[in-house]
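Novice: model this:
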Amino acid sequence: MTKEPKGSANSSDEIKSELVRQLATILDETELSEIEYDTGTLRIRVARQLGQTSVALPAAPPPQTLQPNASGADPTERVPDPSAHPGAVKAPMVGVAYLASEPDTPPFAKIGDKVAQGQTLLLIEAMKTFNPVPAPKAGTVTAILVTDGQPVEFDQPLVVID
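Specialist: Residues are numbered from 1 along each chain as shown. Next comes the predicted model:
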């Protein structure tokens, strides 16, 4: 067994250090407050402390849904958690969600659209790469839970397909 001299970094530490830098860059680019990377054997969490002064951001618009209240139910009744919905499509990664391929093009999917399994629903930009998020099943889009250009967290519900 060899022992490295104090003060020298092994390649594993250098890789972890570089990964932390990359995760911190993603935090800055997406304006997220926290990001976690987990491979099962390695878990790295990078978070930033927000200062005492804060910038007021406009409130995100409410999620679009295709569920009119025609039943006469109490309008103050809580809407079920979209992440528990069996048709919820969740973010496979941290990044920024885009509903269309370019700003002046129509969105990949709108509420009420019928989608096929594998059809692109939106894109998530992570580390300057645009990753398509495909429909896991065929069905009708009943809710779009994110807005164009919105930062998203891993496993965050994005779209609901019934």
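
Novice: where in this protein is pLDDT low?
Specialist: Within the chain, the segments meeting pLDDT under 70 span 1-13, 15, 48-80.

Novice: one more time with 80, if that's ok
Specialist: 1-17, 19-20, 23-24, 27-84 (pLDDT under 80).

Novice: and it, what are its domains?
Specialist: Following automatic domain parsing, the chain resolves into domains at 11-47, 83-161.

Novice: identify, out of these, the most deeply packed stretch.
Specialist: Among these, domain 83-161 has the highest mean neighbour count (mean count of other Cβ atoms under 10 Å), at a mean of 16. To be clear about C-beta, it is placed using only N, CA and C from the backbone, and glycine gets the same treatment.

Novice: pull the contacting residues for residue 130.
Specialist: 98, 123-124 (Cβ atoms under 8 Å, 6 or more residues apart in numbering).

Novice: is it true that residue 149 touches residue 98?
Specialist: Yes: using Cβ atoms under 8 Å, residue 149 makes contact with residue 98 at a distance of 6.6 Å.

Novice: return the subset of the contacts of residue 130 lying in strands.
Specialist: If you go by DSSP state E, the contacts of residue 130 have 98, 123-124 in strands.

Novice: out of these, flag the one nearest to residue 27.
Specialist: residue 124 (15.4 Å; Cβ to Cβ).

Novice: ok, the closest one - contacts?
Specialist: Contacts of residue 124 (Cβ under 8 Å, 6+ apart): 91-93, 95-98, 130-131, 133, 152.

Novice: which residue packs closest to it, ignoring adjacent ones?
Specialist: Spatial nearest neighbour of residue 124, chain neighbours left out: residue 95 (4.1 Å); criterion: Cβ to Cβ, 6 or more residues apart in numbering.

Novice: how much space separates the one you found from residue 81?
Specialist: For residue 95, the distance to residue 81 equals 22 Å [Cβ to Cβ, to the nearest Å].

Novice: could you do residue 122 as well?
Specialist: From residue 122 to residue 81 the distance is 20 Å (Cβ to Cβ).
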